[in-house]
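1. 3D, please:
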Amino acid sequence: MDFDQQLQLRFALTESAKTLQLLSLHHGAKWSSEALNGLVPLTNDQKFAVYQQSLQRSPPSFLPAKGQNDFLEFTENERLLMATSYFNFKEFDRCAHVLKDCSSSKCVFLKLYAMYLSGEKTKCDETGGVLGQQDGKIQNTKLTQISKELEQYTKTSGKGRLDDPFLLYLNGLVAAKLKDNTLAQECFYQSLTIYPFNWSCWSELIANLASFSEALAILNRFTKNARFIDNKLFHVMLLFFKVTISQEFFQQFNELYDDLTYLLEIFPKFSYLKIQKALISYNALDYVSAEDIFDDVLASDPLRLDDMDTYSNILYVMENKSKLAFLAQFAAQIDNFRPETCCILANYYSLKFDHQKAIMYYKRALALNRNCLSAWTLMGHEFVELKNSHAAIESYRRAVDTNNKDFRAWYGLGQAYEVLDMHLYSLYYYQRACALKPLDKRMWQAVGNCSEKLGEYEDSIKAYKKALSVSSDIDHAIFYKLANLHQSIKDTKNAAVYMKMCLDEEPNDGITAETSKARLWLAKYELERQNWQAAYDYSSQMTHGTSNEIEEARAIAREARVNLNRGS
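-> Okay, the predicted model is just below:
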């Protein structure tokens with residue numbers, strides 16, 4: 001990207017941050033301003049040249065042409081400023097009331113968006129405590145009214161359809177809440193086609209995608225759209241979307257790293273991109289690389305709390321107690337009432353096996369933000385530790401309702417139902433987890449184990465073979481499982497093959513319960529086939545196992561020795 005294009009991108013992000021801030025889309029405004037400051041810094045000479053240019057002509061605008069709406073905005077600007085100030089103080093009903101007679105697109109958007117958030121606030125107030133009787137059952141009562149007002153605005157505008165990117169975004173929000181995902185995706189797509197510098201809209205579109213195939217389909221639509229082909233800046237925003245969906249759906253491919261590298265060349269100081277890189281490493285189970293990236297982000301932005309709950313997950317998995325304790329104390333000093341801080345503190349107490357206190361902090365995180373996905377999932381894990389399967393199931397279900405792309409929640413549901421010996425339910429949830437993360441052998445092992453318990457031995461064998469194929473790590477326990485499964489379907493020949501493969505891993509993994517059992521099985525197998533020498537070799541090497549197993553191995557060794565002496 002040359003200097004002129006970077007300058008255009010700088011103008012676009014500046015305009016985006018200002019516009020989104022005025023419309024109280026704070027998440028999008030924050031993203032745009034961070035992206036703006038993450039660009040390659042201008043030299044003093046370049047800054048002066050840009051300043052001189054701004055004196056001669058206004059910077060280009062990337063917002064759609066206003067037409068007659070321009071005069072309406074001018075006449076209603078004073079009320080818009082007052083309404084925005086009310087909105088910023090969370091006086092949503094007051095904000096909507098001030099704008100009730102306004103008809104410019106910005107005022108209509110802010111009025112209806114204030115109504116939407118007022119409905120969300122009322123829903124949260126009426127819901128009560130986390131995991132209470134009404135939790136998850138109350139609906140936003142303002143959605144129908146907002147939909148009607150959007151329809152009325154479309155009719156009075158005389159255009160026959162919505163063409164304002166922000167009203168389309170709002171329509172998508174309402175449709176998503178009403179579970180009309182097809183309409184929601186179409187609204188978000190149309191909005192982004194008109195104005196792609198609204199990261200709030202990209203985020204909602206990503207949250208609305210149920211599968212990677214669905215994500216690829218919408219990505220393909222953007223890729224073929226002429227506006228994204230012809231405009232380099234639009235293409236940059238599409239790359240952000242592409243990288244994010246790849247990370248969200250746990251995809252790993254070379255093109256992803258190429259896209260990340262390209263974006264980091266343009267935005268070398270943008271923390272969001274660095275976090276995406278860390279999350280990709282985290283999803284690939286490369287915890288050391290992910291930790292290093294988070295350390296780098298904290299060094300450049302030491303008061304950042306965004307995504308630090310994920311950093312605490314990494315430290316938790318690595319069992320780095322001292323660093324997690326420091327992070328928990330540090331986050332609490334910055335802001336004790338952020339959902340991320342509560343999740344970090346919960347992880348700290350969980351690592352100390354104080355599960356009750358961990359649950360308390362997860363509930364506090366959810367009281368602050370009901371859509372905090374990691375809190376629902378991790379609270380489910382804590383209930384599993386306390387053997388409270390029913391509470392765990394409810395937590396995982398809420399996690400899935402919040403984001404059905406999280407394999408951990410599906411996997412957790414599978415585990416919870418497995419504890420209750422409801423293996424058919426368990427298998428279904430493991431399969432959902434498998435579909436989301438097909439390159440994780442743990443998912444396939446869970447499917448294999450569940451299929452085995454249901455007596456579906458052929459399916460179990462396929463699942464365990466898949467677990468071996470997706471991982472470079474050789475697991476002797478899977479070989480032992482496959483051997484037993486082949487024995488269950490009377491395939492003794494293949495059972496022997498997998499028992500030998502299990503035993504072959506003993507030099508690498510050491511003597512384990514599985515290798516000892518495999519050795520005893522092979523000793524009995526060779527004895528039945530009257531291969532006395534092989535039976536003697538296997539049985540005489542049996543030094544670990546239960547007392548019964550060792551005694552049985554000795555009996556086989558004696559019988560094989562007798563037959564060997566008889567033969568000689």
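
2. tell me where the model's unsure across the stretch 251-400 of the chain.
-> In the prediction, the stretch 251-400 of the chain carries no residues with pLDDT under 70.

3. recalculate using a threshold of 90.
-> Within the stretch 251-400 of the chain, the set of residues satisfying pLDDT under 90 comprises 251-255, 283-285, 370-371, 373.

4. give me the three-state assignment for K462.
-> With DSSP: H, G, I helix; E, B strand; the rest coil as the basis, K462 sits in helix.

5. run a quick neighbour tally on it.
-> By other Cβ atoms under 10 Å, the residues close to K462 number 15. Every C-beta, even on glycine, is put in place using the N, C-alpha and C of the backbone.

6. list the residues that contact L219.
-> 238, 241-242, 245 (Cβ atoms under 8 Å, 6 or more residues apart in numbering).

7. any idea how far the helix or strand hosting it is from the chain center?
-> Using DSSP states H and E, the element containing L219 is helix 212-224. With Cα atoms, centre = their mean, to the nearest Å as the basis, helix 212-224 stands 19 Å off its chain's centre.

8. and it, C-alpha only, in CSV?
-> The C-alpha trace of helix 212-224 is given here as CSV (Å, rounded to 0.1, in the frame of the first residue of the first chain):
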residue,chain,number,x,y,z
PHE,A,212,-17.4,-21.6,8.7
SER,A,213,-19.2,-22.6,5.4
GLU,A,214,-21.7,-19.8,6.1
ALA,A,215,-18.8,-17.4,6.8
LEU,A,216,-17.1,-18.4,3.5
ALA,A,217,-20.4,-17.9,1.6
ILE,A,218,-20.7,-14.3,2.8
LEU,A,219,-17.0,-13.7,2.4
ASN,A,220,-17.4,-14.8,-1.3
ARG,A,221,-20.3,-12.3,-1.7
PHE,A,222,-18.0,-9.5,-0.5
THR,A,223,-15.1,-10.6,-2.7
LYS,A,224,-17.3,-10.5,-5.8
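
9. beyond that helix, next helix or strand please.
-> Helix 212-224 is succeeded, C-terminally, by helix 226-230 (DSSP H and E).

10. in the following helix or strand past that following helix, what counts as buried?
-> Once helix 226-230 ends, the next helix or strand along the chain (criterion: DSSP H and E) is helix 232-248. Using 16 or more other Cβ atoms under 10 Å as the test for burial, helix 232-248 gives 233-238, 240-248.

11. and helix 232-248, C-alpha only, in PDB?
-> The C-alpha trace of helix 232-248 is given here as PDB (Å, rounded to 0.1, in the frame of the first residue of the first chain):
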ATOM      1  CA  LYS A 232      -8.300  -0.800  -1.900                       C
ATOM      2  CA  LEU A 233      -9.600   0.600   1.400                       C
ATOM      3  CA  PHE A 234     -12.700  -1.500   1.300                       C
ATOM      4  CA  HIS A 235     -10.500  -4.500   0.600                       C
ATOM      5  CA  VAL A 236      -8.400  -3.800   3.800                       C
ATOM      6  CA  MET A 237     -11.600  -3.900   5.900                       C
ATOM      7  CA  LEU A 238     -12.600  -7.200   4.200                       C
ATOM      8  CA  LEU A 239      -9.200  -8.600   5.200                       C
ATOM      9  CA  PHE A 240      -9.900  -7.800   8.800                       C
ATOM     10  CA  PHE A 241     -13.200  -9.700   8.500                       C
ATOM     11  CA  LYS A 242     -11.400 -12.600   6.800                       C
ATOM     12  CA  VAL A 243      -8.700 -12.900   9.500                       C
ATOM     13  CA  THR A 244     -11.300 -12.600  12.300                       C
ATOM     14  CA  ILE A 245     -13.700 -15.300  11.000                       C
ATOM     15  CA  SER A 246     -10.700 -17.600  10.400                       C
ATOM     16  CA  GLN A 247      -9.700 -17.100  14.100                       C
ATOM     17  CA  GLU A 248     -13.300 -17.400  15.300                       C
END
